[in-house]
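Student: model the structure of this input:
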Amino acid sequence: MSLRSELPRGGGPSAGELRAGSAAAPPPVPVKIIVSGGFGVGKTTAIGALSDIEPLTTEAAMTTAAIGVDDPGQRYGKTTTTVAFDFGRVTISSSIVLFMFGTPGQDRFGFMWPDLLDGALGGLVLVDTSRIDDCFVALDYFEKVGLPFVVAVNQFEGRHNLGLEQVRRAVNVDGDVPVVAVDARDHESMKQLVLTLLDVLLRRAQAARA
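Tutor: Just a heads-up that it's a prediction; the model follows:
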């Protein structure tokens, strides 16, 4: 059935009615966030789990040239790596649409970070508790530029994962920075993580207006 046949008899809404409807329903506010963390921590997986659209990824096969440069660890079984950034989009509500940009995990792509963070309102720092040191680059950079963030401890199946308080002490973040558990593969888990970040941003905005 064509769209034209769906319209009511008489030609459908007038131009004035269409303008009034547009005024009553403003477009959603775009919110840009950064998904960061160490190499192989699950950034691409996290964005893919949450995105409403097929995420844009720049995954490339790891080659022998990466030996000694990109070290995912012996237990990962990781065969690809992000060579630029990942992108996804999710509609939070009728008034907010979220754009997610994932940073590459390797230090040699650090030159991209200023451009990726331009216009971002907040960040998610994914942590693998077996390689906590890998998250310090993202934590230090976010703190340096004043970007609000949430520490997300990715719960890898089949591994011993440290408790959240242990992670908080290890990363030494301020007390008002949430440290939460997340399954980067799970849509609902990632949704709750993003809502936690949006709550942080809302509280910051309210404090700034007070």
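Student: low-scoring stretches of this protein, by residue?
Tutor: Counting by pLDDT under 70, the low-confidence segments of the chain come to 1-24, 57-85, 105-111.
Student: middle-most residue in it, spatially?
Tutor: residue 35 (3.6 Å; Cα atoms, centre = their mean).
Student: so that one makes contact with residue 49?
Tutor: No: contact criterion Cβ atoms under 8 Å: residue 35 and residue 49 do not qualify, at 10.9 Å. Quick note: C-beta positions are derived from backbone N, CA and C, even for glycine.
Student: ok, and the closest non-adjacent residue to residue 204?
Tutor: In space, and not counting its chain neighbours, residue 204 is closest to residue 148: 5.7 Å by Cβ to Cβ, 6 or more residues apart in numbering.
Student: show me what contacts the residue nearest to the centre of the chain?
Tutor: 43, 46-47, 86, 100-103, 123-124, 126 (Cβ atoms under 8 Å, 6 or more residues apart in numbering).
Student: who's in contact with the nearest residue to it once chain neighbours are set aside?
Tutor: Using Cβ to Cβ, 6+ apart and skipping residues adjacent in sequence, the residue nearest residue 35 is residue 102, 4.4 Å away. Neighbour list for residue 102: 34-36, 43-44, 46-47, 82, 85-88 [criterion: Cβ under 8 Å, 6+ apart].
Student: distance of residue 102 from residue 205?
Tutor: Per Cβ to Cβ, to the nearest Å, residue 102 is found 25 Å from residue 205.
Student: could I get the buried residue list for the longest helix anywhere in the chain?
Tutor: The single longest helix within the chain, with elements called by DSSP state H, is helix 187-209. Of the residues in helix 187-209, those buried under the neighbour-count criterion (16 or more other Cβ atoms under 10 Å) are 189-190, 193-194, 197-198, 200.
Student: and it, what does it pack onto?
Tutor: Taking 3 or more Cβ pairs under 8 Å, 6 or more residues apart in numbering; DSSP states H and E as the contact definition, the neighbouring helices and strands of helix 187-209 are strand 29-37, helix 43-50, strand 86-93, strand 122-127, strand 149-154, strand 179-182.
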